[in-house]
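[1] Generate a structure from the sequence data that follows.
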Amino acid sequence: MANNSSRILVTGGTAGIGLATAALLLRKGSRVFICGRNKNRLAEALVHLQGIAGSENVSGTQCDVGNYDEAAAMVACAVDFLGVLDALVNSAGVATVAPFEKLSPEDWQTMLNVNLTGVFNCCKAAVPALKKSDHPNIINLGSRAGRYAFAGGTGYNTTKFGLQGFSEALFLDLNQHGIGVSLVAPSTVETGLVDVRDEDWNLQPEDVAKVIVDLLGNDKRANVNWVEIRSGLPRQN
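    Numbering: from 1, shown residues only. You can find the predicted model right below:
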């Protein structure tokens, strides 16, 4: 449960939804460990987060979640810092939106590695530690693109459709251990992940972070399989 005793690992915690989630968790009294691929962005994120809750409550390390050895080492660092792992929030993600004929094999592979294999790697490495928690949870950050295809999304749609199925099957496998598994599927969020218009009716990272933190507070008997978040009406002046 996301309270002052929660110890939570957030991947992709250096920007966007991951950073917003880590910040909200800290404000609510949790201890947090983050990871990110870029060393400089990791350092900047940690300065920001430590300003919220102090260095004793948040730490992190550089990691490419698409590499299992790196993911396993990162999870070990998180458990060493946190003591016990209560939740894993898989927020790391990349996107290349392009017509199929212009989508390179490298872009395809990168999206598969981070968005899908990366989630598998982190879950695989984290489950043994999660089993030791009294209230373990896994939250996977999906997308409405995991149910509704769009032109130029052959790579991104594939990873998010796959993550939807992975999350639902993972719950069935881990429910016997009392580990909750939920997928959060927002529509377009202003994170810089892809080219998003600067309009105030696009979802903000903080909107998604609130949903993630709320899910972590659910009772173990009530697993929310997936949540879809859509943009509301434009703000009225």
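[2] can you list contacts of the longest helix belonging to the chain?
    Scanning the chain for the longest helix, with DSSP state H as the assignment, gives helix 154-174. For helix 154-174, the external contacting residues (CB atoms under 8 Å, 6 or more residues apart in numbering) are 95-98, 100, 103, 107-108, 111-112, 115-116, 119-120, 123, 127, 138, 140, 142-143, 145-147, 149-150, 180-183, 185, 223, 225-226. The way it works is simple: take the backbone N, C-alpha and C, and place the C-beta from them, glycine included.
[3] Next step: those residues restricted to helices.
    107-108, 111, 119-120, 123, 127.
[4] Grab the most central residue of this structure for me.
    Taking CA atoms, centre = their mean, the centroid of the chain lies closest to S91, which sits 1.8 Å from it.
[5] How much space separates that one from G18?
    4 Å (CB to CB, to the nearest Å).
[6] Now for these two: what residues contact both?
    With contacts defined as CB under 8 Å, 6+ apart, the residues adjacent to both S91 and G18 are 10-12, 141.
[7] Adding neighbour count, distance to L25 and pLDDT as columns, could you present the ones in helices among the contacts of helix 154-174 in a markdown table?
    A markdown table is the format used below for the ones in helices among the contacts of helix 154-174 (neighbours: other CB atoms under 10 Å; distance: CB to CB, whole Å; pLDDT from 0 to 100):
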| residue | neighbour count | distance to L25 | pLDDT |
| --- | --- | --- | --- |
| D107 | 17 | 32 | 97 |
| W108 | 17 | 33 | 97 |
| M111 | 25 | 27 | 97 |
| V119 | 29 | 19 | 98 |
| F120 | 18 | 23 | 98 |
| C123 | 22 | 19 | 98 |
| V127 | 19 | 20 | 98 |
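[8] quick one: which of the shared contacts of S91 and G18 is most hemmed in?
    Within the shared contacts of S91 and G18, V10 tops the neighbour count with 34 neighbours, counted by other CB atoms under 10 Å.
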